[in-house]
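**Q** no sequence for this one, just the structure:
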């Protein structure tokens, strides 16, 4: 008889919040290198992210950082790809595959 696997077992030992903070770190690093990349979309996106996002995962009146990363996968991927920012591409792919 085949064993039925719990689909959430794959999340053991995966720190999705760490993945999300790494994506945000990469995004901010890209903005330092290419300030012109920070357009209206990212200015608005930034208002959703707590200043101390490594310690506080959500603003009082907002969803958490993982939610925001996962709901902006395509935009973040496009941002990293536009600037050929390999670090960001790799971190975004990891977060998407493991957590989104």
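**A** Yep, that arrived. Keep in mind that this is a model prediction, so the values were computed, not measured.

**Q** buried stuff in the least confident helix or strand in the chain by mean pLDDT?
**A** Ranking every helix and strand in the chain by mean pLDDT, DSSP states H and E puts helix 65-71 at the bottom, with a mean of 93. Of all the residues in helix 65-71, those buried under the rule 16 or more other Cβ atoms under 10 Å are 65-66, 68-70. C-beta: built from backbone N, CA, C; applies to glycine.

**Q** what's next to that helix, contact-wise?
**A** 16-17, 19-21, 23-24, 45, 48-50, 53, 57-58, 62-63, 76, 95-96, 99-100 (Cβ atoms under 8 Å, 6 or more residues apart in numbering).

**Q** gap between that helix and the chain center?
**A** How far helix 65-71 lies from its chain's middle: 6 Å, per Cα atoms, centre = their mean, to the nearest Å.

**Q** buried residues in the longest helix along the chain?
**A** In the chain, taking DSSP state H as the definition, the longest helix is helix 16-33. Neighbour counts using 16+ other Cβ under 10 Å place 16, 19-24, 26-27, 30-31 of helix 16-33 among the buried residues.
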